[in-house]
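1. Here is a sequence together with a model predicted from it:
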Amino acid sequence: MDLSAALWRKSSRSSDNGGQCVEVAANLPGVVAVRDSKNPDGPKLLFTPAEWHAFLGGVKTGEFDR
């Protein structure tokens, strides 16, 4: 998939100290792309908007807490 038009934004939970940094591009039709901001040319994960919203919902309810 061509991601050249992706507008990437860093997670508000990411820090600038070299930690776990995630960027999301949600401006593409029918897809939400996720990448590691420390490796912008590396692999990207692609989700449908429904999958992404389900993931965010799980994060908000603590579904993935240890």
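-> Arrived safely. Residues are numbered from 1 along each chain as shown.
2. and stretch 24-31, what's its mean pLDDT?
-> Confidence over stretch 24-31, taken as the mean pLDDT, stands at 96.
3. Flag every buried residue along that stretch.
-> When burial is assessed from 16 or more other Cβ atoms under 10 Å, stretch 24-31 yields the following buried residues: 24-25, 28, 31. From N, CA and C alone the C-beta is placed, and that goes for glycine too.
4. So what touches that stretch?
-> 1, 3, 5-9, 11, 32-35, 46-49, 52 (Cβ atoms under 8 Å, 6 or more residues apart in numbering).
5. Please compute how far that stretch lies from its chain's middle.
-> If you compare the mean C-alpha spot of stretch 24-31 with that of the full chain, they lie 10 Å apart, counting by Cα atoms, centre = their mean, to the nearest Å.
6. pLDDT below threshold where in the chain?
-> 13-19 (pLDDT under 70).
7. quick one: the helices in it?
-> The residue ranges that make up the helices of the chain, judged by DSSP state H, are 49-60.
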